[in-house]
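Engineer: Fold the following.
(one chain, ligands or ions: 1)
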Amino acid sequence: MTDTPRVAIVTGAARGIGAATALRLAQGGHAVGVVDLDADACAATVDAVTEAGGRALAVAADVSDEASVEAAVGAVAEGLGAPTILVNNAGIIRDNLLFKMSVDDWDAVLAVHLRGAFLMTRATQRFMTEAGFGRIVNLSSTSAQGNRGQVNYSAAKAGLQGFTKTLAIELGRFGVTANAVAPGFIQTDMTAATAERVGMPFEEFIAAAAGTIPVARVGQPDDIAHTISFLVSEGAGFVSGQVIYVAGGPQD
Ligand code: NAP
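Structural biologist: Modelled structure (predicted):
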């Protein structure tokens, strides 16, 4: 049995994990609102979905801005239909050791990850509760357990885990599940930026990371997209409030 086609929103879907997730959800039969800061940057994701026979709409929004979020969710609802799947994926890093971290870098990271997920979820939940069906997936990280140089990011990613569990408790009775996916090292522009920061060629950085991962490779965006596609499926309706680590090995 295939799932009922739904309307999904994936934030930060112009590239990386978000782009792979948008494509995979489209391959599962869902229409996808491709949300990112710049609508033009979403074109490649929209084209990939269209080429795969799916439907997608590019919508520009800053997830940390309330008016921008309300407008984006309204545009998806009008253009594709009521969104009942939400993947809060948009993210940034502003790494530094605590003693060098600026207030701006702290605020920027908390704003995109935490405030962004809150605003997007608040704007979308009414479509889910009205439909009696909803799936929310928040992108956490193994960094939630602590990572040198990432006090802002690890605080945001740990915060998202508490946010997810509370959503699961509040929205479960409406047929809405909420889960977090916590990736380890995934090969994207974000990890390329980290390699640059530590002054290591990306290929070397990848090889070093792979050496510490039990499956002996780093992750690819599609590894995360597959996990998300399970969590948004109808069959996953009894999985809620969980944090799924997708890191090529166990996490404490
Ligand atoms: P990425 O390649 O850097 O892509 C992130 C996307 O989010 C970019 O297109 C970016 O747009 C967009 N974005 C940033 N701020 C935004 C905002 N305020 N509103 C809307 N969109 C915004 O990152 P990724 O590696 O795919 O990561 C995706 C998610 O997974 C993030 O939440 C990240 O923290 C999480 N994660 C990644 C890894 C990893 O190893 N890569 C591991 C654990 C967790 P611009 O290009 O315009 O900035």
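Engineer: what residues does this structure put near the ligand?
Structural biologist: Residues of the chain lying close to the ligand by CB under 6 Å from any ligand atom are 11-12, 14-18, 36-38, 41, 61-64, 89-92, 112, 116, 139, 141, 183, 185-186, 188-191. No exception for glycine: its C-beta is placed from N, CA and C like everyone else's.
Engineer: Among those residues, which lie within helices?
Structural biologist: 16-18, 116, 189-191 (DSSP state H).
Engineer: These into JSON lines, with extra columns for distance to F202, neighbour count and pLDDT?
Structural biologist: Converted to JSON lines, these look like this (distance: CB to CB, whole Å; neighbours: other CB atoms under 10 Å; pLDDT from 0 to 100):
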{"residue": "G16", "distance to F202": "14", "neighbour count": "20", "pLDDT": "98"}
{"residue": "I17", "distance to F202": "17", "neighbour count": "27", "pLDDT": "98"}
{"residue": "G18", "distance to F202": "20", "neighbour count": "29", "pLDDT": "98"}
{"residue": "G116", "distance to F202": "27", "neighbour count": "26", "pLDDT": "99"}
{"residue": "D189", "distance to F202": "10", "neighbour count": "10", "pLDDT": "97"}
{"residue": "M190", "distance to F202": "11", "neighbour count": "16", "pLDDT": "97"}
{"residue": "T191", "distance to F202": "8", "neighbour count": "19", "pLDDT": "97"}
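Engineer: Quick check: the two most widely separated of those residues?
Structural biologist: G116 and T191 (20.2 Å; CB to CB).
Engineer: Strands of the chain, start to end?
Structural biologist: For the chain, the strands defined by DSSP state E cover 7-11, 31-36, 56-60, 83-88, 134-139, 176-183, 243-246.
Engineer: any idea of the angle the second one forms with strand 83-88?
Structural biologist: Relative orientation of strand 31-36 with respect to strand 83-88: 30 degrees, computed using axes from the mean of the first three to the mean of the last three CA atoms, to 10 degrees.
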